[in-house]
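# Got a sequence here, can you model it:
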Amino acid sequence: MAQLSERQRSPNVQQRGFRVQAPLVESVSCYCKVDAGLKTVAGARKFVPGSKICIQPDINPHAHKSKNRRHERTRVQPPLLPGLPDDLAIICLTRVPRADHNRLRLVSKRWSHLLSNNYFYNLRKTLGMAEEWVYVFKRDRDGRITWHAFDPIYQTWQPLPPIPMEYSDALGFGCAVLSGCNLYLFGGKDPLRGPMSRTVFYNARTNRWHKAPDMLRKRHFFGSCVINNCLYVAGGECERAHRALRSAEFYDPNRRRWSFISDMNTAMVPFIGVVHNGKWFLKGLGDHREVLSEEYRPETNTWMSITDGMIAGWRNPSISMNGNLYALDCRDGCKIRVYEEDTRSWKRFIDSKVHLGSSPALEAAALVNLNGKLCIIRNNMSISLVDVSSPDRHIESNPHLWENFAGKGHIKTMFTNLWSSISGRNGQKSHIVHCQVLVA
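Just a heads-up that it's a prediction; the model follows:
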């Protein structure tokens, strides 16, 4: 045992395979990094006599400083709602009406981030809390474009951020909705700079406008639609010459790219269009002001001319809903027709029995699907809802299925009608140019 103890105390014990624990560094005299080419501490000792072996790890002590600070901030973050874990707090916040979301974003940065996140709105949709609002673009008497959002739950018009400047005076621009929450404005004609190919979109979840890739061709007064969440445009006019276009293109939001599709058979400036049974129907005017109509089939990328009974009796506004094609049958939208595939003709569907009038202010400008009901929007911003979801109901004999909401200017209807009679119908009037429904 004594002999073993002497071997342990021997200075040459390192050479016989025994490991001795390295002493800790007692001062700043650490030479572990004396030469970048030296891979071991033992090698460094040959060049720096008397240096101590250091077991300090080869890391930068400041490398994770910012990350640690972020973790510290995360640990001290207050909960979304005091007394509740965040997952339950999110469930509670999803039940707040959409009209209050702008105020919720002002509470804190965490709330603002949450209410701009797709997860939050997807959860609202899963829980059945998502709300549909009607968005209306209107041209006033001075030619300026304004837009408004209608909340059908509170039956009020909600404030919106300013419209992009390039569309404040634009003519003949397109409007469509992709993914349920993104409202796109594209093309059109600037009164000073001429036709545009610009594309922008408004996100109802973030309440902001964003830039999108420009169209491949400048055009205005064209037809547009949405098929399989892709945006299609066709025809219209371009440049400064008033000539119709045959070209067509589509935009894929997943690839963020516009691509050309087959040209139409004839150049056209569409004034009405609808997607029905997966086909896109367009009706418009040719170069010689003749009435033309074409049908586009996306699965084969082909156009074909049509002249059947649907086109003959088809008037704007119209909408395809629940497999049926509906169109308005009077100026104020109080009569609705439906297209019968078997007879290839239009028939009377429902009459509200209460007609509002024939002035430009009361003219029906749009027909959209709002919460499964036909929604009629008029130029004075009044709205009517018609329930056509139950096929077993006798729609024609049941006028109580109509709901009417008073919109902006609806109280001034009498004065509007009087002014229309005095000034005549040829004067420039305030009217709706586009109407869409967004979900959030």
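# all helices for this structure, in order.
Using DSSP state H, the helices found in the chain span residues 2-9, 41-47, 65-75, 86-93, 101-104, 109-114, 118-126, 309-312, 413-423.
# ok, how many other residues are close to Gly323?
8 (other Cβ atoms under 10 Å). (C-beta placed from N, C-alpha, C; glycine too.)
# same deal with the one 4 residues further on?
Ala327 has 22 neighbours, counted by other Cβ under 10 Å.
# And Asn182, by the same measure?
Asn182 has 19 nearby residues by other Cβ under 10 Å.
# mind listing what it touches?
201-204, 253 (Cβ atoms under 8 Å, 6 or more residues apart in numbering).
# Quick check: the two most widely separated of the residues you listed?
Pairwise distances among the contacts of Asn182 were taken by Cβ to Cβ; the largest, 14.7 Å, belongs to Ala204 and Pro253.
# give me the low-pLDDT residue ranges for the chain?
The model of the chain has pLDDT under 70 over residues 1-76, 240-242, 390-399, 406-428.
# how does it look with 80?
Applying pLDDT under 80 to the chain picks out residues 1-76, 239-242, 309, 389-400, 406-429.
# rewinding a little: with respect to Leu385, which of the contacts of Asn182 is nearest?
Ala204 (20.6 Å).
# Which one's more surrounded, Ala204 and Pro253?
Ala204 (23 against 15).
# can I assume that one is in contact with Leu438?
Yes. Between Ala204 and Leu438 there is a contact under Cβ atoms under 8 Å: 4.4 Å.
# what is in contact with those two at once?
Joint contacts of Ala204 and Leu438 (Cβ under 8 Å, 6+ apart) are 133, 181, 183.
# Tabulate those residues in a markdown table, adding columns for neighbour count.
Listed next are these as a markdown table, based on neighbours: other Cβ atoms under 10 Å:
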| residue | neighbour count |
| --- | --- |
| Trp133 | 22 |
| Cys181 | 19 |
| Leu183 | 21 |
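# need those residues in CSV with distance to Val107, can you?
Shown next, in CSV, are the shared contacts of Ala204 and Leu438 (distance: Cβ to Cβ, whole Å):
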residue, distance to Val107
Trp133, 22
Cys181, 22
Leu183, 26
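# Narrow those to those in strands?
133, 183 (DSSP state E).
# of the shared contacts of Ala204 and Leu438, closest to Ile311?
For the shared contacts of Ala204 and Leu438, the nearest to Ile311 is Leu183 (29.1 Å; Cβ to Cβ).
# Check the burial of the nearest residue to the closest one once chain neighbours are set aside by counting its neighbours.
Closest residue to Leu183 apart from its sequence neighbours, by Cβ to Cβ, 6 or more residues apart in numbering: Tyr202 at 4.5 Å. Residues lying near Tyr202 (other Cβ under 10 Å) number 23.
# and Tyr202, how far is that from Gly372?
24 Å (Cβ to Cβ, to the nearest Å).
# can you check Pro85 too?
Pro85 is 36 Å from Gly372, by Cβ to Cβ.
# just Trp346 next, same as before
Taken as Cβ to Cβ, the span from Trp346 to Gly372 is 23 Å.
# Settle it for me: which of those two has more neighbours?
Neighbours per residue (other Cβ under 10 Å) separate Trp346 from Gly372, with Trp346 holding more: 20 against 12.
# That one contacts Ile336, correct?
No. Applying Cβ under 8 Å as the test, Trp346 and Ile336 come out as separate, 10.3 Å apart.
# Quickly list what's touching both of these two.
Ala327.
# With respect to Asp351, which of the contacts of Asn182 is nearest?
Ala204 (34.5 Å).
# for that closest one, what are its contacts?
Counting by Cβ under 8 Å, 6+ apart, Ala204 has contacts 133, 181-183, 438-440.
# just the strands in the stretch 301-440 of the chain please.
302-305, 318-321, 324-328, 335-340, 345-351, 364-370, 373-378, 383-386, 402-405, 431-439 (DSSP state E, counting those that start in this stretch).
# Could you tell me how far the residue nearest to Phe260 when sequence neighbours are not counted is located from Asn265?
Of all residues beyond its chain neighbours, the one nearest Phe260 is Glu249 (5.0 Å), with distances taken as Cβ to Cβ, 6+ apart. Distance of Glu249 to Asn265, given as Cβ to Cβ: 16 Å.
# Check Arg217 too.
Relative to Asn265, and taking Cβ to Cβ, Arg217 is found at 18 Å.
# count of neighbours near the closest residue to Lys347 other than its chain neighbours?
In space, and not counting its chain neighbours, Lys347 is closest to Glu340: 5.8 Å by Cβ to Cβ, 6+ apart. Glu340 sits with 14 neighbouring residues when counted by other Cβ under 10 Å.
# what bridges to Glu340?
Ser345 (DSSP bridges).
# ok now do Ala130, which residues does it touch?
Taking Cβ under 8 Å, 6+ apart as the test, what Ala130 contacts is 121, 124, 439-440.
# For those residues, give me TSV that also has neighbour count and distance to Val433.
Listed next are these as TSV, based on neighbours: other Cβ atoms under 10 Å; distance: Cβ to Cβ, whole Å:
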residue	neighbour count	distance to Val433
Tyr121	22	28
Arg124	20	30
Val439	18	22
Ala440	20	23
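# and of those residues, the nearest to Cys225?
Among the contacts of Ala130, and counting by Cβ to Cβ, the member closest to Cys225 is Val439, at 18.5 Å.
# Please report the distance of the residue nearest to the closest one when sequence neighbours are not counted from Val226.
Spatial nearest neighbour of Val439, excluding adjacent residues (Cβ to Cβ, 6+ apart): Gly180 at 4.4 Å. Separation of Gly180 from Val226 (Cβ to Cβ): 10 Å.
# Ok, Asn122 next?
20 Å.
# Among the two, which residue is more densely surrounded?
Neighbour comparison, Asn122 and Val226: the larger count goes to Val226, with 17 against 13 (by other Cβ under 10 Å).
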